[in-house]
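Participant: pasting the sequence and the predicted coordinates here, then a few questions.
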Amino acid sequence: AEGASVYPGPYKATADQQAAYDKAVTCEGNTITFNLAAPSTDFNYTVTLSSFAAVRKDADTGEKYDDTVLSDGPYKIESYVKKDSMVLVRNDQWDAATDTFRLALPDKIVYKFAQPASVITERLMADAGEDASALSPDPVDTTKLAVVFSDSKYEKRRFNEFDPYVRYYAINTKKVPNVKHRQAILACLDRDALRKIAGGEYAGDFADGAVKPNIGQDYAPTGLWDSLLGDKVEATGNVELGKKLIADAGEAFPNPLVFDYGKSEVADKAAAAVVASEARCGITVKPNGLEIGGYYGVVLDPAKQGGMSAGGWAPDWLNASTVIPELFTPSGGFNLSQYDDKAFNDAVAAAKAITDRAEQAKAWQELNKQAAQAALIVPTRFGLEQRLVGSKIGNAYIWGPYGSWPYAILSAN
């Protein structure tokens, strides 16, 4: 009734629960068939997630599976020391003729765990010995950013590209139901101050909605800060517009606005900037700093969530079907805005069913614009990430959906 699956997984399922699963998913030889409850035009993307990786039953060891992975890929585990290292070597059971996507260029991959970010950056900058064939999923240490991005010797090895995430503050539409009040929050906020606190230009570009440019065709500029709120809003805010929106609302702003965020030194400074900038329009913000480990346990509980909550979101694959429905409909898993509008919900459902990909992209663009105009979130940054690789690494770039390297095609000459 609440939308969860009746199937708890293969290790806990009763006979009846397993029967329900077997009705939905069948396996015959090398073919797995998923019988869906409703059409899903991008289900092929869904099954690319690692959670869909099939494991032969006789090799399934449950929680111990990580120790003895049965590989059908180009590499296999030669050695694995938890929290220290893992060495991958060529899998003699793999045939390149059956796998044209993964180039499998390196002969061996050595992964070192738990390396300090500062040490990783120093080693990659030095580019000596085996480190010339090294890379890391971790960003450049912040203390070295200025050097790495000003010295031309790193020009061919450095990357400053979008990560997968949109950073935003979700506005709880149950606590702030008047759209003019929500729009006033956007107009008053000093987004420039927030970006400077987060790291300046390296922290990201100013965001204009929930959909990010590196998702591809589903993104189009919303015009949020140009005209969507009724006037132009600079990155430092538009106080006069904010005051006008509150006056146009026809009722007093529901002060105080409780602002939930995960506590840290940087987040505390950002919260102070939110308080100061919103106060310019007569909006009283009450910061509610929460321990990071328990943050989502609070904000995902409607009874505990405040009027505005810090959030971040990335698509599961290159389709805004994993953004708009998730963030702004009751069926989504991360609707911090507590938004439930029938017309919007119906339009989202219709967009999900569109089979023409270009037509579907236009629908997502329009829905992203509607969400921006309804001020369901305050989009603050399209996050950027800075990385460095060794000089012998080839085919490297930051892959948009997961912010990862394109491991399937990397080389180390």
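Facilitator: Right, received. Where do you want to start?
Participant: so in the protein, which helix runs the longest?
Facilitator: In the chain, assigned by DSSP state H, the helix with the most residues is helix 357-373.
Participant: tilt between the very next helix or strand once past it and helix 357-373?
Facilitator: Downstream of helix 357-373, the next assigned helix or strand under DSSP states H and E is strand 377-388. Relative orientation of strand 377-388 versus helix 357-373 (axes from the mean of the first three to the mean of the last three Cα atoms, to 10 degrees): 120 degrees.
Participant: for the longest helix of the chain, buried residues please.
Facilitator: Residues of helix 357-373 classed as buried: 360-361, 363-365, 367-373 (neighbour count, 16 or more other Cβ atoms under 10 Å). The C-beta positions use only the backbone N, C-alpha and C, and glycine is treated the same way.
Participant: counting by contacts, list what that helix packs against.
Facilitator: On a contact count with 3 or more Cβ pairs under 8 Å, 6 or more residues apart in numbering; DSSP states H and E, helix 357-373 meets helix 324-328, helix 342-352.
Participant: select, out of those, the one closest to residue 165.
Facilitator: helix 324-328 (12.5 Å; Cβ to Cβ).
Participant: and the longest helix of the chain, C-alpha only, in PDB?
Facilitator: Provided in PDB are the C-alpha atoms of helix 357-373 (Å, rounded to 0.1, in the frame of the first residue of the first chain):
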ATOM      1  CA  ARG A 357      13.200  10.600 -26.900                       C
ATOM      2  CA  ALA A 358      13.400  14.100 -28.400                       C
ATOM      3  CA  GLU A 359       9.700  14.800 -27.500                       C
ATOM      4  CA  GLN A 360      10.300  13.400 -24.000                       C
ATOM      5  CA  ALA A 361      13.300  15.700 -23.600                       C
ATOM      6  CA  LYS A 362      11.100  18.800 -24.400                       C
ATOM      7  CA  ALA A 363       8.600  17.600 -21.800                       C
ATOM      8  CA  TRP A 364      11.300  17.300 -19.100                       C
ATOM      9  CA  GLN A 365      12.600  20.800 -20.000                       C
ATOM     10  CA  GLU A 366       9.100  22.300 -19.600                       C
ATOM     11  CA  LEU A 367       8.500  20.500 -16.200                       C
ATOM     12  CA  ASN A 368      11.900  21.600 -14.900                       C
ATOM     13  CA  LYS A 369      10.900  25.200 -15.800                       C
ATOM     14  CA  GLN A 370       7.500  24.800 -14.100                       C
ATOM     15  CA  ALA A 371       9.200  23.500 -10.900                       C
ATOM     16  CA  ALA A 372      11.600  26.400 -11.000                       C
ATOM     17  CA  GLN A 373       8.800  28.900 -11.400                       C
END
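Participant: let me see the residues that make contact with it.
Facilitator: 41, 208-211, 217-220, 222-224, 228-229, 319-321, 323-324, 327-328, 344, 347-348, 350-351, 354, 377, 379 (Cβ atoms under 8 Å, 6 or more residues apart in numbering).
Participant: for stretch 281-297, same thing?
Facilitator: Contact with stretch 281-297 is made by 184-185, 187-188, 239, 242-243, 246, 253, 255-264, 267-268, 271-272, 274-275, 278-279, 298-299, 306, 308, as judged by Cβ under 8 Å, 6+ apart.
Participant: restricted to strands, list the residues you listed.
Facilitator: When DSSP state E defines the strands, the subset of these inside them is 257-262, 308.
Participant: from one end of stretch 219-227 to the other, what's the distance?
Facilitator: Stretch 219-227 has an end-to-end distance of 18 Å (criterion: Cα to Cα, to the nearest Å).
Participant: tell me the buried residues in it?
Facilitator: Buried, per 16+ other Cβ under 10 Å, within stretch 219-227: 219-220, 222, 224-225.
Participant: what's the answer for stretch 293-305, then?
Facilitator: Quick answer for stretch 293-305 (16+ other Cβ under 10 Å): 295-296, 298-299, 305.
Participant: returning to what we had before: quick check: angle from the longest helix of the chain to helix 342-352?
Facilitator: Using the same axes, to 10 degrees, helix 357-373 lies at 150 degrees relative to helix 342-352.
Participant: and residue 397, how far is that from residue 138?
Facilitator: Noted for residue 397: a distance of 16 Å to residue 138, by Cβ to Cβ, to the nearest Å.
Participant: apologies, that question was intended for residue 129.
Facilitator: 20 Å.
Participant: ok, these two, which is more surrounded?
Facilitator: Neighbour count, other Cβ atoms under 10 Å: between residue 129 and residue 138, residue 138 has more, with 15 against 10.
Participant: was I right about that one contacting residue 117?
Facilitator: Yes - contact criterion Cβ atoms under 8 Å: residue 138 and residue 117 qualify, at 5.3 Å.
Participant: list residues touching both of these two?
Facilitator: What both residue 138 and residue 117 touch, as defined by Cβ under 8 Å, 6+ apart, is an empty set.
Participant: report the next helix or strand after the lowest-mean-pLDDT helix or strand in the chain in sequence order.
Facilitator: Lowest on mean pLDDT, DSSP states H and E among the helices and strands of the chain sits helix 43-46, with a mean of 90. Of the helices and strands lying after helix 43-46 in sequence (DSSP H and E), the nearest is strand 75-81.
Participant: mind listing what's buried in that next one?
Facilitator: Residues of strand 75-81 classed as buried: 75-76 (neighbour count, 16+ other Cβ under 10 Å).
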